[in-house]
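> 3D, please:
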Amino acid sequence: MTQQGQLPLDGMPKRLYTCTPSRLNTWLDCPRRYRFTYLDRPAPLKGPAWAHNSVGASVHNALAGWWREPYERRTPAMAAILLSKGWITEGFRDQEQSTLWRDRARAMVSGYASTLDPSDEPVGVERTVATRTSVIAVSGRVDRIDRRGDELVIVDYKTGRRPLTEDDARSSLALAIYAVASARVMRRACRTVELHHVPTGSIVQWTHTDESLARHIGRAEDIAREASEADERYRDWRAGAGDRADDRASDRARAGASIPARLDASLPPRPGPMCSWCDYRRHCPEGQVASTPHQPWDGLADTD
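Just a heads-up that it's a prediction; the model follows:
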């Protein structure tokens with residue numbers, strides 16, 4: 001409703017949905033996890049840190065730091081040193097397991113660095129890029145942006161145990177968004193995306209067409225429209241709850257429960273085996289039924 005004397009602002013453009021690829025993918029994967037991550041304030045408490053995430057973050061940080069070193073210090077040994085200095089210890093079973101994986105990660109980054117040309121200066125390292133359409137304002141941080149000939153190439157590091165396929169690169173919404181955003185920010189064509197599997201040194205590549213990039217952006221807009229509507233419903237409820245009570249709405253949000261049934265239905269869980277890895281599993285009865293709990297180090301590859 002409008003206040004007395006005010007005219008309704010018909011025809012005003014709708015506010016852009018501000019997001020990252022991670023936010024879009026979280027909505028796509030599970031609206032309830034989206035709510036816990038982006039809407040509930042304070043957010044429900046997460047579970048313990050995952051050891052495989054610590055490995056991934058440590059490797060990413062070391063490789064980013066390697067490119068920031070002076071040219072003459074970009075050696076495999078320097079990559080190993082940076083890994084050790086920045087090693088993240090969260091999520092491991094004990095100090096012995098942490099040390100074992102630190103040494104494995106040292107070998108990963110030094111082996112990968114040995115395949116790189118230290119003089120081949122990237123256009124960007126951990127570079128934030130952004131773009132917008134009539135629906136979304138999206139931004140994200142790219143591991144590395146290379147320039148090859150007249151075009152840019154998106155490079156994304158992976159450290160998981162699963163082998164990568166060309167389809168992983170082709171279907172990645174995040175990589176396609178990074179390509180579009182990098183082209184906009186740097187005013188240079190960007191169609192090729194690559195996944196670099198650091199443990200094995202393997203690379204999978206996909207070169208998009210303008211049409212395939214447009215399809216990915218259209219998909220991002222469709223996801224954003226759904227998420228934006230849910231955001232508005234949730235904000236309206238919180239505003240009403242704030243008018244009614246002191247901090248009881250915050251207490252409900254902290255517990256991750258007791259929202260109206262109609263609102264809960266618009267932010268439903270999508271239970272399945274992946275719930276075992278969800279940071280908010282403890283707050284989701286459906287996720288608990290659909291999955292078995294994992295130890296924080298269960299995502300590591302076998303060490304035998």
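> sketch out the low-pLDDT regions of the protein for me.
Within the chain, the stretches with pLDDT under 70 are 1-13, 241-257, 302-304.
> would you map the strands across it?
In the chain, the segments counted as strands under DSSP state E are 17-19, 124-132, 136-148, 151-158, 190-197, 202-207.
> relative to residue 55, which of those is closest?
Of all the strands of the chain, strand 151-158 sits nearest to residue 55, with 11.4 Å by C-beta to C-beta. Any C-beta I mention is one placed from the backbone N, CA and C, and that applies to glycine too.
> list the contacts of the closest one.
Outside strand 151-158, the residues within contact range by C-beta atoms under 8 Å, 6 or more residues apart in numbering are 59-60, 63, 122-123, 142-147, 164, 172, 174-175, 178-179, 182-183, 186, 188-198.
> any buried residues in it, and which?
For strand 151-158, the neighbour count (16 or more other C-beta atoms under 10 Å) marks 152-158 as buried.
> just name the closest of the residues you listed to residue 86, please.
residue 157 (14.4 Å).
> who's the closest one bridged to?
residue 196 (DSSP bridges).
> same check on residue 153?
Under DSSP bridges, the beta-bridge partners of residue 153 are residue 146, residue 192.
> what separation is there between it and residue 286?
41 Å (C-beta to C-beta, to the nearest Å).
> next one: residue 231
Distance, residue 231 to residue 286, by C-beta to C-beta: 22 Å.
> higher neighbour count, these two?
residue 231 (18 against 15; other C-beta atoms under 10 Å).
> look up the closest residue to the more buried one, ignoring the ones flanking it.
Counting by C-beta to C-beta, 6 or more residues apart in numbering, residue 231 lies nearest to residue 39, which is 6.8 Å off, once chain neighbours are set aside.
> tell me the contacts of the one you found?
By C-beta under 8 Å, 6+ apart, the neighbours of residue 39 are 231, 234, 267.
> ok, the last one touching residue 32?
Yes: here residue 267 lies in contact with residue 32, judged by C-beta atoms under 8 Å, at a distance of 5.6 Å.
> now do the helices in the stretch 101-250 of the chain.
Per DSSP state H, counting those that start in this stretch, the stretch 101-250 of the chain carries helices over the ranges 166-171, 173-186, 210-244, 248-255.
> please identify the most buried of those.
Greatest average neighbour count among the helices of the stretch 101-250 of the chain goes to helix 173-186 (a mean of 22), per mean count of other C-beta atoms under 10 Å.
> for that helix, output the C-alpha coordinates as CSV.
Provided in CSV are the C-alpha atoms of helix 173-186 (Å, rounded to 0.1, in the frame of the first residue of the first chain):
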residue,chain,number,x,y,z
LEU,A,173,27.3,-22.1,-14.5
ALA,A,174,30.0,-20.4,-12.5
LEU,A,175,32.7,-20.7,-15.2
ALA,A,176,30.3,-19.4,-17.9
ILE,A,177,29.4,-16.4,-15.7
TYR,A,178,33.1,-15.8,-15.1
ALA,A,179,33.7,-15.8,-18.8
VAL,A,180,31.0,-13.3,-19.5
ALA,A,181,32.0,-11.1,-16.6
SER,A,182,35.7,-11.2,-17.5
ALA,A,183,34.9,-10.2,-21.1
ARG,A,184,32.9,-7.3,-19.9
VAL,A,185,35.4,-6.0,-17.3
MET,A,186,38.5,-6.5,-19.5
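> what comes into contact with it?
Taking contacts as C-beta under 8 Å, 6+ apart, the residues outside helix 173-186 that touch it are 21-22, 24-25, 123-124, 127, 129-131, 138-140, 142, 145, 152, 154, 156, 169, 188-193, 195, 206, 208, 212-213, 216-217, 219-220.
> of those, just the buried ones, PyMOL syntax please.
With 16+ other C-beta under 10 Å as the criterion, this PyMOL line picks the buried residues out of the contacts of helix 173-186:
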select buried, resi 21+24+25+123+124+127+129+131+138+139+140+142+145+152+154+156+169+190+191+192+193+195+206+208+213+216+217+220
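> for residue 54, give me its contacts.
Contacts of residue 54 (C-beta under 8 Å, 6+ apart): 88-92.
> pull out the buried residues from these.
88, 91-92.
> would you turn the residues you listed into TSV with distance to residue 51?
Shown next, in TSV, are the buried ones among the contacts of residue 54 (distance: C-beta to C-beta, whole Å):
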residue	distance to residue 51
88	9
91	3
92	5
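> just name the closest of the residues you listed to residue 115, please.
Taking these together and measuring to residue 115 by C-beta to C-beta, the closest member is residue 88, at 24.1 Å.
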